[in-house]
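Asker: this is a predicted model, with the sequence first.
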Amino acid sequence: MIKKIILITSCIWFGVSMHAQQNKVVTVYAGKQISINTGTPVEQKKIGDAGMEFIYDYCYLTDTTDVTSENKDMMILQVGLGFSKFSSYRAMQIDSLISASTTDQIRENPSRYVGGETFSVYKNYPPGKFTTTDKISTDWYLYEEPIPIQEWNTGGDSTKEILGYKCRMAECDFRGRHYIAWYSEEIPVADGPRKFGGLPGFILEVCDTDGYYQFTLVGINSKATRPVTMPDVQYNRTNRSKFYNTKLRYDTDPTGYMRDVSGVSVVITSPDGTTRNEHPRERMFDYIERDYKR
């Protein structure tokens, strides 16, 4: 059974009046930050097999003026022969949960079916490139880029232990932020979380020096059997700069984006029953890649 439900959550208060998706009308009860799940599991196509899996805690701030605004997700790096995929383990679990649930179960507890980062980074897929897929509102986007060069400084003597592995420190500037990474030559994989790599070993931890974005390895599965997949959807193909500018448009005016781009009409209803228009808002954080503004 295909479940066609639009789930919308607010970071402060949750409340949704759900209509059939084909009508493309949703009612949102006053909140600040909107996230969307269509209630339909995404079809996946297999692109390869992973030999190892690495689990990371991903922490980031959604309001750089408030350290208590930290968000967390659990991410998974699947490493295959000559390529890898970095994505949300939580989102992977939600897709499985939606597939196993009825429409009534989703309606009864919608917040259970929303969460997890929507982006995935495919390294060396296709060969010589990185591919990023992500979702803005109900629209899927894909962009390719040459494998980025990260000029790491590995000249320091600082070391620490993570999960029993002896790690060395490295630093670099990358796309508008300065990063400190901890890598180990004891893991014979030249890879790391998200788009990070290029060190003579595996990156177990990386954080920007402002403390806004951090990835920390918490587990390793050296006998992976899970296939590496990519959402089998209709993508809006774009480039990295245009993608971030589109994301900026949605994050500052989500209802305007949904109306103009996705064709979804959104009605904002206050607790007293009155309706209002959602006005563009200030974004209290910047994206992990800041050079798209240039």
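Answerer: Everything's here; your move.

Asker: pull the number of nearby residues for Asn245.
Answerer: If you count neighbours by other C-beta atoms under 10 Å, Asn245 ends up with 12. Just so you know, the C-beta spots here come from the backbone N, C-alpha and C atoms, and that holds for glycine as well.

Asker: how much space separates the residue lying closest to it once chain neighbours are set aside from Arg112?
Answerer: Nearest residue to Asn245, sequence neighbours excluded (C-beta to C-beta, 6 or more residues apart in numbering): Tyr292, at 6.7 Å. The gap separating Tyr292 from Arg112 is 34 Å, by C-beta to C-beta, to the nearest Å.

Asker: show me which of these two is the more surrounded one.
Answerer: More crowded of Tyr292 and Arg112, by other C-beta under 10 Å: Tyr292, with 18 against 14.

Asker: got a list of what that one touches?
Answerer: Neighbour list for Tyr292: 240-241, 244-245 [criterion: C-beta atoms under 8 Å, 6 or more residues apart in numbering].

Asker: quick check: beta-bridge partners of the nearest residue to Pro227 once chain neighbours are set aside?
Answerer: Closest residue in space to Pro227, ignoring its immediate chain neighbours: Lys46 at 4.7 Å, by C-beta to C-beta, 6+ apart. Following DSSP bridges, Lys46 is listed with bridge partners Thr229.

Asker: quick check on the residue nearest to the spatial centre of the chain: phi, psi?
Answerer: Geometric centre of the chain, nearest residue: Glu117, 3.0 Å, by C-alpha atoms, centre = their mean. Here is the backbone geometry of Glu117 (degrees, to the nearest 10): phi -60, psi 140.

Asker: what's the closest non-adjacent residue to it?
Answerer: Leaving aside its sequence neighbours, Glu117 sits nearest to Ser88 (C-beta to C-beta, 6+ apart; 4.1 Å).

Asker: quick one: low-confidence ranges for the stretch 1-150 of the chain?
Answerer: 1-41, 67, 111, 113-114 (pLDDT under 70).

Asker: that one: helices as residue ranges?
Answerer: Ranges of helices within the stretch 1-150 of the chain are 89-99, 103-108, based on DSSP state H, counting those that start in this stretch.
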